[in-house]
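Peer 1: Please work out how this folds:
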Amino acid sequence: MPRLLLALALVTCSLSPAFAQRDAGAKARGDFFFYARSGYSHVNAAHAHASHYYGYLGSTPAISPRVAQLSDSTMSHHLDMTQQHIAGMREYFTSTDDADSIVVLDQVDKHLAEAEAHHAAAQEAARTAPDKPLAVQENIGKMQDSLDKVMAGQETLIKKHGIEEQTLPPADDKSAD
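Peer 2: Okay, the predicted model is just below:
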């Protein structure tokens, strides 16, 4: 009986590390989950800021240079970060030969490029005609429409790949320490 227990203990101990290790694709999936969630956060932030700027443009007779500069830098940052996260997702889908997701990303890229073009047109109009905020507002509205399409594409990928909203462990969960 002691030999049986010893053999069982040895087998159990030798299997534990194998079960504890992640599979070969775990890092790549983790990276994808980060890119998908964080990229969505950036495009959502760009959209939210565009919404605030849109409202401002509808209520002012002339655009403050400071507001135009802040809006430009904020939206540029979030658009750039969105693009970087999409590049990370593309690398993942390419490495896993996921052609369907790459097709969705191609559309996301197209709409993001449209949003960037509308943003550039808005900023040019703000620089050259600060006394015509409604012309800038029109471009910002088009940018928002393009960003809606970017977010819809990202949501499609998030749902397709089963990425659930990450939650914090309960306060009494000791595994978080």
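Peer 1: use CA for all of it now, contacts and neighbours both
Peer 2: OK.
Peer 1: Quick check: which element contains residue 142?
Peer 2: Residue 142 is part of helix 133-160, with elements assigned from DSSP states H and E.
Peer 1: what does residue 47 give?
Peer 2: helix 26-57.
Peer 1: Also residue 63?
Peer 2: Residue 63 belongs to no helix or strand, assigned by DSSP H and E.
Peer 1: Let me see the contact set for the most centrally placed residue in the chain.
Peer 2: Nearest residue to the geometric centre of the chain (CA atoms, centre = their mean): residue 39, 1.2 Å. Applying CA atoms under 8 Å, 6 or more residues apart in numbering, we find residue 39 in contact with 81, 82, 83, 84, 85, 86.
Peer 1: Verify the contact between residue 158 and residue 36 for me.
Peer 2: Yes. With contact taken as CA atoms under 8 Å, residue 158 and residue 36 are classed as touching, separated by 6.7 Å.
Peer 1: hang on, the earlier thing: the helix holding residue 47 to helix 133-160, inter-axis angle?
Peer 2: Angle, helix 26-57 to helix 133-160, by axes from the mean of the first three to the mean of the last three CA atoms, to 10 degrees: 160 degrees.
Peer 1: Provide a list of residues in contact with the closest residue to residue 61 other than its chain neighbours.
Peer 2: Once flanking residues are discounted, residue 61 sits nearest to residue 131: 6.4 Å by CA to CA, 6 or more residues apart in numbering. Going by CA under 8 Å, 6+ apart, residue 131 touches 61, 62, 63.
Peer 1: Mind giving me the ChimeraX select for those residues, buried ones only?
Peer 2: The ChimeraX selection below is limited to those of the contacts of residue 131 classed as buried (16 or more other CA atoms under 10 Å):
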select :63
